[in-house]
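> 3D model of this:
(2 chains)
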Protein chains: 2
Amino acid sequence: DSRLPEFATHQVGVAGAVLDESNGKVLVVQDKNKMKNAWKFPGGLSNLGENIGATAEREVFEETGVRAEFRSLLSIRQQHKHPGAFGMSDMYLICRLSPLSFRIHLCTQECLRAEWMEVAELARTSDTTPITSRVAKLLLYGFREGFDKVDLSMEELPAVYTGLFYQLYHRQLPESYRHS
Amino acid sequence: DSRLPEFATHQVGVAGAVLDESNGKVLVVQDKNKMKNAWKFPGGLSNLGENIGATAEREVFEETGVRAEFRSLLSIRQQHKHPGAFGMSDMYLICRLSPLSFRIHLCTQECLRAEWMEVAELARTSDTTPITSRVAKLLLYGFREGFDKVDLSMEELPAVYTGLFYQLYHRQLPESYRHS
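So this is what the prediction gives:
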């Protein structure tokens, strides 16, 4: 594309669905200052230069005190004229994480409550947002039938020009097609 | 997240992989003004407020004159300090499209050449970029074994606050899990 690039048009928000595979429970929070006390996955905006997985891990820790590790990307939402984005657009990504610790230390500045909830219950409750409910169903499907059915895997590759690494997310490619 | 939102940090670029399922050929271009004449999928930056699929369809048409229809999302790349993004980050998405027309009218301002190439050849050639090569392999896998193996499907849902619609992309969820 030879046209002049426009300014950045999107803010990027990331939420982390931390699933404890030993008991099928997922970490959920209720935000303060929201009209409806809906259960959601902890998350927030990426800092400039921060990778998607790093944002998920940081936001989970800041809001709940739980340490967790990025595993895969589950969903992407694009929304224009996002409230609170000053007329800009919003890209909101939900990742799957594995817990490294379990004790909740609630950040009371951001959250009203946090708990480990059965993913089957989160998939069924109406006390949640449409996207959280959808991703809870994906998580439940993955938990029961294998995460390879719901994951987008991530790979880091070197960028030619900057020497930095970029992250590429897509469905798993069988070994026989990787070297075709 | 109760902190003040930061400014938009990402530009969004979208490329369209237009695959003709009748013959396994995919539409590729070579950009002008690049050091290496690598085959790529036509694409470019999203305009403010433009959906991912709409950018892919527009860029394919502008560069090649081919009309095509969005089918799915195949891959997402996040890159920081992207060259030409003024220190900002870049989110680059590649979509799968179906052709509605086939005659190429090359935009000579942006492209050196364009052609319909066997997807198996694109998956194998070294005259391409690492990401194009990877997505060509995904396309080949999908073409041979079913696009359900490579696609992220898209759904439009109404946003509570703005009355606008947002687009949600994730792996296909079986009917039995959609209403759990």
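> Hmm, A:Q167 is touching A:N51, no?
Yes: judged on C-beta atoms under 8 Å, A:Q167 makes contact with A:N51 at a distance of 5.9 Å. In short, each C-beta sits where N, CA and C put it, glycine included.
> what touches both of the two?
B:Q78 (C-beta atoms under 8 Å, 6 or more residues apart in numbering or on different chains).
> Extract the residue ranges of chain A that are flagged as low pLDDT.
For chain A, the stretches flagged by pLDDT under 70 are A:1-6, A:35, A:180.
> One more pass at 80, please.
A:1-7, A:33-36, A:82-86, A:160-162, A:179-180 (pLDDT under 80).
> all helices of it, in order?
A:52-64, A:119-124, A:130-145, A:175-178 (DSSP state H).
> do the third one and chain B meet?
Just to be clear, that refers to helix A:130-145. Yes: counting by C-beta under 8 Å from any C-beta of the partner chain, chain B is contacted by helix A:130-145 at A:P130, A:I131, A:R134, A:V135, A:K137, A:L138, A:L140, A:Y141.
> Neighbour-wise, give me the winner out of those residues.
Compared across these, A:V135 has the highest neighbour count, 30 neighbours, by other C-beta atoms under 10 Å in any protein chain shown.
> ok, now which ones touch that one?
A:A17, A:F41, A:L74, A:S75, A:I94, B:H170.
> doesn't A:V14 make contact with the second one?
Pointing back at A:F41 there. No: using C-beta under 8 Å, A:F41 makes no contact with A:V14, being 9.6 Å away.
> Between the two, which contacts overlap?
What both A:F41 and A:V14 touch, as defined by C-beta under 8 Å, 6+ apart, is the set A:I94.
> got the residue ranges for the strands in chain A?
A:10-20, A:25-31, A:39-40, A:43-45, A:68-79, A:89-99, A:111-118, A:153-158, A:165-170 (DSSP state E).
> Find the nearest non-adjacent residue to A:L138, please.
A:V150 (4.8 Å; C-beta to C-beta, 6 or more residues apart in numbering or on different chains).
> contacting residues for the one you found?
Counting by C-beta under 8 Å, 6+ apart, A:V150 has contacts A:S72, A:L74, A:R96, A:L138, A:L139, A:Y141, A:G142, B:H170, B:R171.
> Which one (most neighbours) among the residues you listed?
In terms of neighbour count, A:R96 stands highest of these at 27 neighbours, by other C-beta under 10 Å.
> Could you check how far that residue is from A:W39?
Separation of A:R96 from A:W39 (C-beta to C-beta, to the nearest Å): 17 Å.
> so how far is the first residue of stretch A:22-39 from its last?
21 Å (C-alpha to C-alpha, to the nearest Å).
> What residues of it count as buried?
A:G24, A:K25, A:V26, A:L27, A:V28, A:V29, A:Q30, A:D31, A:A38, A:W39 (16 or more other C-beta atoms under 10 Å in any protein chain shown).
> of those, closest to chain B?
The shortest gap between chain B and any of the buried residues of stretch A:22-39 belongs to A:D31, at 7.7 Å (C-beta to the nearest C-beta).
> Show me what the closest one is bridged to.
A:C111 (DSSP bridges).
> Just put the contacts of A:V150 in TSV and tack on distance to B:C111.
As requested, the contacts of A:V150 are exported to TSV (distance: C-beta to C-beta, whole Å):
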residue	distance to B:C111
A:S72	35
A:L74	36
A:R96	39
A:L138	39
A:L139	43
A:Y141	42
A:G142	41
B:H170	33
B:R171	33
